[in-house]
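Trainee: compute the structure for the input listed below.
(chains A and B)
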Amino acid sequence: MKALRLALRTLAREWRSGELGVLLLALTVAVAALTGVGFLVSRISAAVALQASAVLAADIRLGSPQPLAEAYFAEAARRGLRSARSTNLLSVVFNADASQLTNLAAVSAGYPLRGRVLVAGEPFARGSPAAGIPAPGEAWPDSKLLAAVGGRVGSQLSIGAASLRVTRVLIARPDQGGTFAELAPNLIMNAADLPATHLIQPGSRVSYSALFAGERTRIDSFKGWLIVHKARGERLRDITEASPQIRNAVERAGRFLSLASLVSVLLCAIAVAMAARRYVHRHLDTVALLKTLGATRAFTLAVSVLQLLALALVAAVAGAALGFLAQEWLLRTIRGLLAVTDLPAASLTPLAIGFVTAIAVLAGFAMPPLLQLARVPALRVLRRDVGPPPPLVLLAFGPAIAVVLLLIYWVVPDAKLFLYFTAALVAFVLVLTLAGVLLVYLAGRLRGRVGVAWRFGVANLSRRRAESVVQLVAFGTGIMVLLLLGILRDDLNGDWQRTLPPNLPNYFFINIPPAVRGDFVSFLQAQGARTTRVLPMIRGRLTGINGHAVDNLRSARNGEDTFATREQNLTWASELGADNRVIAGRWWTAADFGKPLVSLATEFQESLGVQVGDHLTFDIAGEALEVTVASIRKVKWDTFQPNFFIVFPPGVLEGAAGTYMTSAYFTPGSARSLAQLARRFPSVSIFDIDELLTQVRAVLDKAALAVQSVFVFTLFAGLTVLLAAVQSSRDERRYESAMLRTLGASRGVVVQGVLAEFATLGGLSGLLAAVGASVGAYFLTTHWLDLRYAFEFLPWVEGVVGGALLVAAGGWLATRSVVNQPPLTTLRA
Amino acid sequence: MSTNPKPSTQAPTIRNHVLRAENLCKQVSSPEGSLTIVDEVSLDILAGESVAVTGPSGAGKSTLLALLAGLDVPTRGRVLLEGQDLTQLDEDGRARLRAQRVGFVFQSFHLIPALTALENVMLPLELAGRRDARRAAAETLQRVGLKERTGHYPRQLSGGEQQRVALARAFVTQPAVLFADEPTGNLDTVTGARVGELLFELNANAHTTLVLVTHDRELAARCARLVKMEAGRVL
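Mentor: Residues are numbered from 1 along each chain as shown, chains lettered A, B, ... in the order given. Modelled structure (predicted):
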């Protein structure tokens, strides 16, 4: 109680007198950066998840060949979730005498729960979001269907026993699929009209879907409930099973955002360590006096801990508020720029994370010096040169290291990345420490050969050996993370731009008969479309693995189809696509053509758990074909080139009756060309992925923007570290400056000395930071982010020049008042 | 745990040893090897006695003061404060004893800048667990002539005023022994003389034993006994 009273009393006064300014600023900015990043990341991640959910038209989707139990919808409603139904079946649609096999989707009100349905007034036109679903008695057929049956808006289409009027043309719906599962034209109708069609009869092949959406935690909990309660054969999908393109983008964005937040966490720790050091330094006399007046070690420790805790609370509240305001402002600014949909509200989790992290960082970085503070002997009241005894290395650095490791593991729970990052950090800090020792040595050698100002400045580095090394490590780490973030941001943005150029193929063409293949490509080119490679495509199903039937595999999964055991599109190719990389086995040569080999994409291989050398049996048009896995490929799906999970060498599948597929880029407004194409090649399925591409681009845009925003936070946190570091030696400088000026040095000489010292420190820190950032960027881009690494020289210049200028400027600003203070004031104090 | 220090009720003529140093020795290691700062010093100080320790810079005066007050531990020898062997106590034990029986005045005042004059004076009372800290501190400040300055912070006070606050803080607990290390060393002559006057006045009223380290001959001359030191030894 006594300790608390004294702690609060002195804290209040020190606060008013500005004594705690730097510590409070460091903590506040650290918490602000952390919670700001947390809020931003959580909201943008939620937005990214929402974007990805659009592919399912829901957050989770339950599919079944049987009607779904009402109990699911009742449970969802009880949990406050929204739901909708979609019943899909293949049927022939008639417009007078013309007919076309069509994928019908009979949807209930509320569909789609995520994403949007785009409609237009004429086929192949640019769509705009639809309000609601078709009214009863209405139908929204897609462009391909209308072109095939010669219909238009206003036509009456016969669907089974019912007749529905076309009121809109369907341009895109969110759940039309990204894996070419549904190749037939689409039509959306109201679920209320389904009974009138009499299409659902015993034995009909119907797919029933229940769509659910709502707040994330409720969805997660409901998903757990569904997994337990769903019937055999019912298939649950969520965004993790969304299309490969979206999944790639989400994963990449998530990785990058977690890296960005980790950087802020580390800067936070550095800032707090420096501020705590200063706090301890400034309280040595007070603690010695308290002991002289009869305070025990436990009492003095309690006072310091309570003060720091109180400060942490204030900083956490202020920092969290600042962080929230900053991200709110940032998001409002970028929302207008990007025209993204409304972002979800921020969750309160980052607030708790901010508090917990602030306390953890304080415990790791502020407690060891505080323990030292309590050990300062009372004798210091008589002899100011007496300080606390040197700490045990384990006690001094153990808590900090433990907290850093825990924080890294918390942010990056991936074991491999954790090891990489930790090893790199340890190596970097070691190198910086060695470099610091070297600098101190060199400074001692150089001081005899330079002018008085430089001698004073550089001698300071040499004399404050331990402090110089600590500052070097801190500046170096701070500058390194800033440089690293800069390099990675450039790399990522560059890579994304490379993979998603503006004129990516936006239409896929499937079921091109071999006889018209040449004509078809010529037609595309004549229409001015940018074409890509043409690949053969054959339908087939995997039936056995190493002699075991895949039916066993299916029953092991509660009778569910996995995507690997469903019917697949197969192809053959002699060359490996530029967007494919063999990660196991080898790609075939001309000598292998005709041999029973197969190459699998990693997604397919991982789903089955097969390896190179395993034997797979496929059923192709009733014929069994046994092949050996020759290679595993990693496919970059986001190039939007035709790609297949399963590829055979030439000479294996040619006998089977197959078709061809290709993709092409059509400029917006090519409706007429596409309508002509649909009429001239009626058997060719046209697959419009413009909307899908827009979704992927939106996801990547948000991710890139988030990273840039996080960069601003990190920069600010870095500057605070700098300020805290410079401030930590302020008292000594005040005294030295007074002494120098008393001995006749001009103010200019003192300022030059300060600049010389900080510029040297900053330049060397920057140089080492550039080395560290380049090595770090190499490992992170090639091993973690799976991108190409390009060496950049600019970070080296930025590191050295920027480091010298920044630290010199910061040093000068922080010590300006020291230099300006009349010497007598200092010497008398 | 803590008890209020007992004011001396003994008449000045009936004197006990309040502080005894036996063969005190303090050695420290230096780049040149072991250095003896206090060398075989034995000293008996009676209750209520005022002793001035004088000598040139580096004679070991402040180190002797630190050893006598239990701020430092001797390499050899022992210190008895009211019969209690300080060398047998750990750091916290010595601190508790100081809280009960010892007061300090320093050359550089050593006031806590974050506390007001009143709070600085209250501090040792609070550490000793006294409930009437505020009242007792206010009374003592009044006695040193700073009634109007109780709410001021140290940096709002002159050097003389700061040292008067330090005197109030030292006497407020009515200690058995008061250690003063160059109490006028940071003050100009006139202010130093006034502070010295106040120190002896307070000391006389409280019958406190005074151990004073000083270069100030006038101040030293006011003490009942003079202990001269040179090269760590008492002459």
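Trainee: how about the contacts made by A:Ile649?
Mentor: You called it Ile, but residue A:649 is Pro. Going by C-beta atoms under 8 Å, 6 or more residues apart in numbering or on different chains, A:Pro649 touches A:572-574, A:588, A:592-595, A:597, A:630. For glycine as for every other residue, the C-beta is placed from the backbone atoms N, C-alpha and C.
Trainee: pLDDT at the residue in chain A positioned nearest to chain B, what is it?
Mentor: The minimum distance from chain A to chain B, using C-beta to the nearest C-beta, falls at A:Gly294 (2.3 Å). Predicted confidence (pLDDT) for A:Gly294: 87.
Trainee: how about A:Pro344?
Mentor: Taking A:Pro344 on its own, its pLDDT is 64.
Trainee: equivalent analysis for B:Thr36, please.
Mentor: pLDDT, B:Thr36: 91.
Trainee: find the nearest non-adjacent residue to it, please.
Mentor: What sits nearest to B:Thr36 in space, not counting adjacent residues and going by C-beta to C-beta, 6 or more residues apart in numbering or on different chains, is B:Gln27, at 5.0 Å.
Trainee: show me which residues of stretch A:358-369 are buried.
Mentor: Under the neighbour-count criterion of 16 or more other C-beta atoms under 10 Å in any protein chain shown, stretch A:358-369 has A:358, A:360-369 buried.
Trainee: ditto for stretch A:290-300
Mentor: Neighbour-count burial for stretch A:290-300, with 16+ other C-beta under 10 Å as criterion, is recorded at A:290-297, A:299-300.
Trainee: residue contacts, the residue in chain B positioned nearest to chain A?
Mentor: At 2.3 Å from chain A, B:Ala99 is the closest residue in chain B, using C-beta to the nearest C-beta. By C-beta under 8 Å, 6+ apart, B:Ala99 lies in contact with A:293-295, B:2, B:124, B:127-128, B:173.
Trainee: next up, phi/psi of residue 108, please.
Mentor: In the absence of a named chain, this looks at chain A. When read as degrees, to the nearest 10, the backbone of A:Ser108 gives phi -100, psi 170.
Trainee: not what I meant, chain B
Mentor: B:Ser108 adopts backbone torsions of phi -100, psi 30, taken as degrees, to the nearest 10.
Trainee: just the element for the spatially most central residue of chain B, please.
Mentor: Among the residues of chain B, the one closest to the centroid is B:Phe179, at 1.6 Å (C-alpha atoms, centre = their mean). If you go by DSSP states H and E, B:Phe179 is part of strand B:177-181.
Trainee: return the subset of the buried residues of stretch A:290-300 lying in helices.
Mentor: Among these, the ones falling in helices (DSSP state H) are A:290-292, A:297, A:299-300.
Trainee: domain map for chain A?
Mentor: A:2-50+A:247-499+A:696-828, A:56-241, A:507-665 (automatic domain parsing).
Trainee: so which of those domains comes closest to A:Phe681?
Mentor: Closest to A:Phe681 of those, according to C-beta to C-beta: domain A:507-665, at 5.9 Å.
Trainee: for A:Trp15, which non-adjacent residue is closest in space?
Mentor: A:Leu24 (7.6 Å).
Trainee: hmm, I typed the wrong one, I wanted A:Val818.
Mentor: A:Arg734 (4.4 Å).
Trainee: and residue 70, how many neighbours?
Mentor: Using chain A. Residues within reach of A:Glu70, counting by other C-beta atoms under 10 Å in any protein chain shown, total 8.
Trainee: let's do chain B instead
Mentor: Neighbour count of B:Gly70, defined by other C-beta under 10 Å: 25.
Trainee: that's a helix at it, yeah?
Mentor: No: counting by DSSP: H, G, I helix; E, B strand; the rest coil, B:Gly70 falls outside a helix, being coil.
Trainee: re earlier: now do the residue nearest to the centre of chain B against B:Leu226, distance only.
Mentor: Distance, B:Phe179 to B:Leu226, using C-beta to C-beta, to the nearest Å: 16 Å.
Trainee: which strands and helices sit next to the lengthiest helix in chain B?
Mentor: Ordering each helix of chain B by length in residues (DSSP H) puts helix B:189-206 first. In terms of contacts (3 or more C-beta pairs under 8 Å, 6 or more residues apart in numbering or on different chains; DSSP states H and E), helix B:189-206 is packed against helix B:159-171, strand B:209-213, helix B:217-221.
Trainee: pull up the pairing partners for the second one, direction included.
Mentor: In the sheet containing strand B:209-213, its partner strands are strand B:50-54 (parallel), strand B:177-181 (parallel), by DSSP bridges.
Trainee: who's in contact with the first one?
Mentor: It refers to strand B:50-54. Residues outside strand B:50-54 that contact it (C-beta under 8 Å, 6+ apart): B:45, B:61, B:64-65, B:200, B:203, B:209-215, B:217, B:219-229.
Trainee: run a quick neighbour tally on A:Gly528.
Mentor: A:Gly528: 12 neighbours (other C-beta under 10 Å).
Trainee: where does it land in three-state SS?
Mentor: Looking at A:Gly528 with three-state DSSP, the answer is coil.
Trainee: for it, give me the pLDDT.
Mentor: Per-residue pLDDT puts A:Gly528 at 78.
Trainee: isn't it up against A:Tyr665?
Mentor: No: between A:Gly528 and A:Tyr665 there is no contact under C-beta atoms under 8 Å: 9.7 Å.
Trainee: host element of A:Asp175?
Mentor: Applying DSSP H and E, one finds A:Asp175 in no helix or strand.
Trainee: my guess is it meets A:Arg114, correct?
Mentor: No: between A:Asp175 and A:Arg114 there is no contact under C-beta under 8 Å: 9.0 Å.
Trainee: which neighbours do those two have in common?
Mentor: A:56-58.
Trainee: next, work out how far apart the closest residue to B:Gln84 other than its chain neighbours and A:Ala3 are.
Mentor: Nearest residue to B:Gln84, sequence neighbours excluded (C-beta to C-beta, 6+ apart): B:Leu97, at 6.3 Å. Distance, B:Leu97 to A:Ala3, using C-beta to C-beta: 20 Å.
Trainee: just A:Leu351 next, same as before
Mentor: 29 Å.
Trainee: what of B:Arg131?
Mentor: Taking C-beta to C-beta as the measure, B:Arg131 falls 17 Å from A:Ala3.
Trainee: more neighbours: which of the two?
Mentor: In terms of neighbours (other C-beta under 10 Å), A:Ala3 is the more surrounded of B:Arg131 and A:Ala3; the figures are 18 against 10.
Trainee: show me the contact partners of the helix or strand where the more buried one lies.
Mentor: Using DSSP H and E, A:Ala3 sits in helix A:2-17. With contacts defined as C-beta under 8 Å, 6+ apart, helix A:2-17 is touched by A:20, A:24, A:286, A:299, A:302-304, A:306-307, A:310-311, B:112-116, B:119, B:123, B:126-127, B:129, B:153.
Trainee: out of these, which end up buried?
Mentor: If you count burial by 16+ other C-beta under 10 Å, the buried members of these come out as A:20, A:24, A:286, A:299, A:302-304, A:306-307, A:310-311, B:112-116, B:119, B:123, B:126-127, B:153.
Trainee: buried stuff in stretch B:37-51?
Mentor: B:37-39, B:41, B:43, B:45-51.
Trainee: quick check: end-to-end length of stretch A:798-805?
Mentor: 10 Å (C-alpha to C-alpha, to the nearest Å).
Trainee: what values do phi and psi take at A:Leu461?
Mentor: When read as degrees, to the nearest 10, the backbone of A:Leu461 gives phi -60, psi -40.
Trainee: A:Thr760 is in contact with that one, correct?
Mentor: Yes: in this structure A:Leu461 lies within contact range of A:Thr760 using C-beta under 8 Å: 6.6 Å.
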